[in-house]
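S.K.: Let's see this in three dimensions:
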Amino acid sequence: MLHKEFESPETLRDTIKCFWYTCNDFGDQNAGFEVVPDGYAEITFHFGGNLSNISPNGDLQLLASPIMVGLLNHPLIFHVKGKLEVIGIRCYPWTVFDLLGLPSGNGGVQQFEHPLAKLHPVLAQLMAAGKPEEAINILKDYFLNADKETTADNTLFKAGTAMTKAKGSIAVSEVAEAAHATVRTLERKFKQAAGHTVKDVAGLMRFEQVRNRLWADPKVNLAALSHELGYTDQAHLSREFKRYSGTTPAAFARKAKERHKNFNSEIVAFVQS
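M.R.: All right, here's what the predicted structure looks like:
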């Protein structure tokens, strides 16, 4: 598996965390892979692999490119066959819908109609030619031009900065203070922009820190980690971890140990098998 991340241009960093590229060959058999929740929304273009997921009626549904993977409260299982290449735009959840000019959603996988989707054929040609960086540069240019027409909400920017700096370990009242807004005003604006509450997003950001630490160091002391990240105690950390991941920290750590034996230890934003 190959995974690379590309820094967002300076003028986009308030809205887009980074751009990234992932390539993985799943072989001839239909394979499933898991996407674990984090504190970002991902706009992704995919090439090859016949990417699909489970529809509400239980059938496999083929996913057109691009898709948005919004905030999740549980892991998602995708299905793929053969070689899959993905280029993605990792956005802050309080900016992604304004960036696209779309009404806010509640997360999960979304297929959407947007002028951005018209870039897929050009991107596909570059991917077929083995030029993912050129494809990402086209996306950067698209959003640089779109950014000129987008005005960021200063309240949300300040709130997001405070949450990011604290890595989710911050009370809603402290976020409101940093944003120079009342809690009521902040929550209203956040819900309108992200489709989720401040507490929802902060919880995912904090879970992401635990997940990353366990993946990098499966032997990390959970009691110490719970204290460091502001959980009430280790039991609180374990409950929240299982809520978002569907498994316990101990089981996740065992999985991480096994993966370290065979693969690069880096957690991939979109394809997390």
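
S.K.: How much space separates Ala129 from His3?
M.R.: 20 Å (CB to CB, to the nearest Å). To be clear about C-beta, it is placed using only N, CA and C from the backbone, and glycine gets the same treatment.

S.K.: so where do the helices sit in this structure?
M.R.: 96-100, 120-128, 132-147, 154-166, 172-178, 183-194, 198-216, 222-228, 234-245, 249-262 (DSSP state H).

S.K.: which one of these lies closest to Lys17?
M.R.: Within those, the stretch nearest Lys17 is helix 154-166; the backing value is 9.0 Å (CB to CB).

S.K.: Relative to the whole chain's centre, how far out is the closest one?
M.R.: Centre-to-centre, helix 154-166 and its host chain are 17 Å apart (CA atoms, centre = their mean, to the nearest Å).

S.K.: Now do it: which elements does it pack against?
M.R.: helix 172-178, helix 183-194, helix 198-216 (3 or more CB pairs under 8 Å, 6 or more residues apart in numbering; DSSP states H and E).

S.K.: Show residues contacting it.
M.R.: Helix 154-166 is contacted by residues 14, 92, 94-95, 170, 174-176, 178-181, 185-186, 189-190, 193, 198, 201-202, 205 when judged by CB atoms under 8 Å, 6 or more residues apart in numbering.

S.K.: try 7 Å
M.R.: Contacts with helix 154-166, where a contact means CB atoms under 7 Å, 6 or more residues apart in numbering, come from 14, 92, 94, 170, 175, 178-181, 186, 189-190, 193, 198, 201-202, 205.

S.K.: mind exporting that helix as CSV, just the C-alpha atoms?
M.R.: Extracted C-alpha coordinates of helix 154-166, given in CSV (Å, rounded to 0.1, in the frame of the first residue of the first chain):
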residue,chain,number,x,y,z
ASN,A,154,-14.7,34.2,11.6
THR,A,155,-16.6,32.7,14.6
LEU,A,156,-16.3,29.2,13.1
PHE,A,157,-12.6,29.8,12.2
LYS,A,158,-11.8,30.8,15.8
ALA,A,159,-13.8,27.9,17.2
GLY,A,160,-12.1,25.5,14.9
THR,A,161,-8.7,26.8,15.7
ALA,A,162,-9.3,26.4,19.4
MET,A,163,-10.6,22.8,19.0
THR,A,164,-7.8,21.8,16.7
LYS,A,165,-5.2,23.2,19.1
ALA,A,166,-6.7,21.4,22.0
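
S.K.: what comes up buried for it?
M.R.: By 16 or more other CB atoms under 10 Å, the buried positions in helix 154-166 come out as Thr155, Leu156, Phe157, Lys158, Ala159, Gly160, Ala162, Met163, Ala166.

S.K.: Who has more neighbours out of Ala129 and His3?
M.R.: His3 (17 against 10; other CB atoms under 10 Å).

S.K.: Look up which residues are beta-bridged to the more buried one.
M.R.: Beta-bridge pairing of His3 under DSSP bridges involves Thr22.

S.K.: about what we covered before: lowest average pLDDT across the helices of the chain?
M.R.: For the helices of the chain, mean pLDDT drops lowest on helix 249-262, to a mean of 82.

S.K.: Next, the buried residues of that helix.
M.R.: Buried residues in helix 249-262, counted by 16+ other CB under 10 Å: Pro249, Phe252, Ala253, Ala256.

S.K.: packing partners for that helix?
M.R.: If contacts are counted by 3 or more CB pairs under 7 Å, 6 or more residues apart in numbering; DSSP states H and E, helix 249-262 sits against helix 198-216, helix 234-245.
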